[in-house]
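1. need coordinates for the below:
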Amino acid sequence: MSDAPTVLVIGGGATGTGIARASLRGVDVTLVDRGVEIGTSGRSHGLLHSGARYAEADAPGAEECLRENRTLRDIAGACVRETGGLFVRLSDDDPDYFDAKIDACEEIGIETERLDGDAVRAVVPGLSEDVAEAFRVPDGVIYPSRLVAANAADAERHGATVHTDAPVESIERADGAVSTVRVGGDVGATLEPDHVVNATGAWADRIAELAGVEVGMAPSRGVMISVEYDGLDPVLNRCRDPDDGDIVVPHEGEAVLGTTSVPVDDPDEYETADWEVERSVAECAAMLPAVADAPTVRTWWGVRPLYAPDEAGSDRRGISRGFSVIDHADEGVANLHTVVGGKLTTYREMAEATSDRVCERLGVDADCETATERLPGADDPDRLDEFVERYGGSNPTDAGVVDAAVDD
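-> Numbering: from 1, shown residues only. From the prediction side, this is the model:
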């Protein structure tokens, strides 16, 4: 590892490792991460968004999801699974909202198919008799530990250096730029990068503070409960205004139930409340009754990396899931960018946008190829799971798939 990398990426989740693939453009990249279960990426429900969830409220965000949904199906192979999805309306849910959701999806270009209650129950055995109607969307499932590890492996294959036990301890500035970054853990060195990217998600404020700049995160926690459940093929979304317990994600012999949205001040230290679990299970059981009594496999909380300098919404559900790339030159730090917000589904587009900014600043004119360059191991689940072991192991979201594959 060079003590003077051209680009230092801080944060080893999906976006950070995606940015490290700037090495495909011939850029000297070092990535450091403190090694906490792949942070936000590995503590999600693992949904590959079609964009339908945001279609009527945030059309640009929905379009981002749709584009990247299609891209990941092309480049990520066994890092994703094509399950399809359903938006289901229960008898007491607003039919006008249902109609508006379909109209918004069709306006954006999200493929839909409307089904009456009997037809959708034929598609999903065990679906509640209270389901009045539904429509299909091209949702899917992401295995984030595979996705992150494959991005890291590809970055290293093209010359990057990746450290998964390397917490940033301090950042020094001189002459209007970051001059040094002290990194602990396995690295134990002071680095002198030409450019720094803060891709730490919900922890972005902490790195920004070390550099003497501001970001403005408004993180919120959400619970996920994985239960034993065989035979669920599509993702189930409750077709109503986003609320607690409105999604069920199939994970090969399990179903992940979620989620809640509760503001937190500290993404490392926060309450985990029983009511969140109870409410999420009860609400998901309104769609799929058998999950109410299904044995729990594991329960975990994740923290959303929401960006809101001017916070809005008491539970933060109203904050945009779009992403932003912040140039800190206006704050007197010419070689620092921060990328915040977004979704796991849109990580690659976030990484490309950030890499474009950095490469422009560095005078690198090579095109980004990450939308067409397949990830290594994409067609070989065993190789992907070897990457997972290399970069720190699986995480709560997909432990039932990746750990089972490793054990076999």
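2. next, the buried residues of stretch 381-392.
-> Buried positions in stretch 381-392, judged by neighbour count with 16 or more other Cβ atoms under 10 Å: P381, R383, L384, D385, E386, F387, V388, Y391, G392. Using the backbone N, CA and C atoms, a C-beta is placed for each residue, glycine as well.
3. can you add secondary structure, pLDDT and distance to R146 and give those back as JSON lines?
-> What follows is these, written out as JSON lines (DSSP: H, G, I helix; E, B strand; the rest coil; pLDDT from 0 to 100; distance: Cβ to Cβ, whole Å):
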{"residue": "P381", "secondary structure": "helix", "pLDDT": "96", "distance to R146": "8"}
{"residue": "R383", "secondary structure": "helix", "pLDDT": "97", "distance to R146": "10"}
{"residue": "L384", "secondary structure": "helix", "pLDDT": "97", "distance to R146": "4"}
{"residue": "D385", "secondary structure": "helix", "pLDDT": "96", "distance to R146": "7"}
{"residue": "E386", "secondary structure": "helix", "pLDDT": "96", "distance to R146": "10"}
{"residue": "F387", "secondary structure": "helix", "pLDDT": "96", "distance to R146": "7"}
{"residue": "V388", "secondary structure": "helix", "pLDDT": "94", "distance to R146": "6"}
{"residue": "Y391", "secondary structure": "coil", "pLDDT": "92", "distance to R146": "10"}
{"residue": "G392", "secondary structure": "coil", "pLDDT": "85", "distance to R146": "12"}
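4. strands of the stretch 1-150 of the chain, residue ranges please.
-> For the stretch 1-150 of the chain, the strands defined by DSSP state E, counting those that start in this stretch occupy 7-10, 29-32, 47-48, 80-81, 85-90, 113-116, 131-137, 140-142.
5. can you check the stretch 251-400 of the chain too?
-> Assigned by DSSP E, counting those that start in this stretch, the stretch 251-400 of the chain shows strands spanning 254-258, 262-263, 296-304, 323-327, 336-341.
6. those helices in the protein, which residues are they?
-> Taking DSSP state H, the helices of the chain run over residues 14-20, 59-75, 95-108, 117-123, 144-157, 204-210, 274-285, 347-362, 381-390, 399-407.
7. buried ones in stretch 15-26?
-> Neighbour-count burial for stretch 15-26 flags T15, G16, T17, G18, I19, A20, R21, A22, S23, L24, R25 (criterion: 16+ other Cβ under 10 Å).
8. tell me the contacts of the last one?
-> By Cβ atoms under 8 Å, 6 or more residues apart in numbering, the residues touching R25 are S355, C359, V364, A366, D367, C368, E369.
9. one more time with 6 Å, if that's ok
-> V364, A366 (Cβ atoms under 6 Å, 6 or more residues apart in numbering).
10. report the separation between it and V196.
-> According to Cβ to Cβ, to the nearest Å, R25 stands 17 Å off from V196.
11. so A286 versus A155, what's the distance?
-> Using Cβ to Cβ, A286 is found at 43 Å from A155.
12. those two: which has the busier surroundings?
-> A count of neighbours by other Cβ atoms under 10 Å puts A155 above the other of A286 and A155, at 25 against 19.
13. check the residue nearest the centre of the chain and give its pLDDT.
-> What sits nearest the mean C-alpha location of the chain, by Cα atoms, centre = their mean, is L344, with 2.1 Å. For L344, the pLDDT comes out at 95.
14. so who does it touch?
-> For L344, the contact set (Cβ under 6 Å, 6+ apart) comprises A14, S41, S44, I142.
15. so what's the residue count around the last one?
-> If I follow you right, that is I142. For I142, using other Cβ under 10 Å, the count is 28.
16. give me the pLDDT for it.
-> I142 is given a pLDDT of 97.
17. so where's the stretch 201-350 of the chain shaky on pLDDT?
-> By pLDDT under 70, the low-scoring segments of the stretch 201-350 of the chain are 310-321.
18. before we move on, back to that, who wins on neighbours among the contacts of L344?
-> A14 (31 neighbours).
19. so that one sits right up against V148, yeah?
-> Yes - using Cβ atoms under 6 Å, A14 is in contact with V148, at 5.3 Å.
20. who touches both of those two?
-> Counting by Cβ under 6 Å, 6+ apart, the shared contacts of A14 and V148 are S41.
21. residues near G12, how many?
-> Residues near G12, counting by other Cβ under 10 Å, number 30.
22. how near is the closest residue to it other than its chain neighbours to V183?
-> Nearest residue to G12 in three dimensions, chain neighbours excluded: D33, at 2.8 Å (Cβ to Cβ, 6 or more residues apart in numbering). Distance of D33 to V183, computed by Cβ to Cβ: 10 Å.
23. deepest of the strands of the stretch 1-150 of the chain, which one?
-> Of all the strands of the stretch 1-150 of the chain, strand 7-10 has the most neighbours on average by mean count of other Cβ atoms under 10 Å, namely a mean of 30.
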